[in-house]
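> Task: produce atomic coordinates for the following.
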Amino acid sequence: MQGVVTSTSMDKTIGVRVERLYKHSKYKKYIRRHEKYLAHDEENKAGVGDTVEIVECRPLSKNKRWRMIQVLANAIEDGGDL
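Numbers count the residues shown, from 1 in each chain. Predicted coordinates:
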């Protein structure tokens, strides 16, 4: 699964927000839903705003059942004023 990193405040753990689209059965409109997962990041490579790929693994802690595979895209850092 792919998602955006929302939190890096924990050691070797990141919070990842994964969005998905599904079609409503009655109204036939597409609805955007999201879920947040805790994923293991061994080298602390991911930063807030990065797009990462995660995969399910064995339970690593009470809430952590996902492992980060790779960073797909880094967040754009804006240093100037607009």
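
> From here on, just use CA atoms for contacts and neighbour counts.
Fine.

> mean confidence for the helix or strand where residue 20 lies?
Following DSSP states H and E, one finds residue 20 within strand 13-23. Within the predicted structure, the mean pLDDT of strand 13-23 is 97.

> One more: stretch 46-64?
Regarding stretch 46-64, the rounded mean pLDDT is 96.

> contact partners of that stretch?
Taking CA atoms under 8 Å, 6 or more residues apart in numbering as the criterion, the residues outside stretch 46-64 that touch it are 1-8, 14, 37-40, 65-76.

> for that stretch, which positions count as buried?
Buried residues in stretch 46-64, defined by neighbour count with 16 or more other CA atoms under 10 Å: 46-54, 64.

> Now render those residues as a markdown table, adding secondary structure and distance to residue 26.
Formatted as a markdown table, the entries for the buried residues of stretch 46-64 read as follows, by DSSP: H, G, I helix; E, B strand; the rest coil; distance: CA to CA, whole Å:
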| residue | secondary structure | distance to residue 26 |
| --- | --- | --- |
| 46 | coil | 39 |
| 47 | coil | 39 |
| 48 | coil | 37 |
| 49 | coil | 34 |
| 50 | coil | 35 |
| 51 | strand | 33 |
| 52 | strand | 33 |
| 53 | strand | 32 |
| 54 | strand | 32 |
| 64 | coil | 35 |
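
> Sketch out the strands for this protein, chain order is fine.
With DSSP state E as the criterion, the chain has strands at 2-10, 13-23, 30-40, 51-56, 66-73.

> how far off strand 2-10 does the fourth one point, in degrees?
With axes from the mean of the first three to the mean of the last three CA atoms, to 10 degrees defining the directions, strand 51-56 sits at 90 degrees from strand 2-10.

> Tell me the strands beside strand 51-56, with direction?
In the sheet containing strand 51-56, the strands it pairs with under DSSP bridges are strand 2-10 (antiparallel), strand 66-73 (antiparallel).

> can you give me how far it is from the chain middle?
Centre-to-centre, strand 51-56 and its host chain are 7 Å apart (CA atoms, centre = their mean, to the nearest Å).
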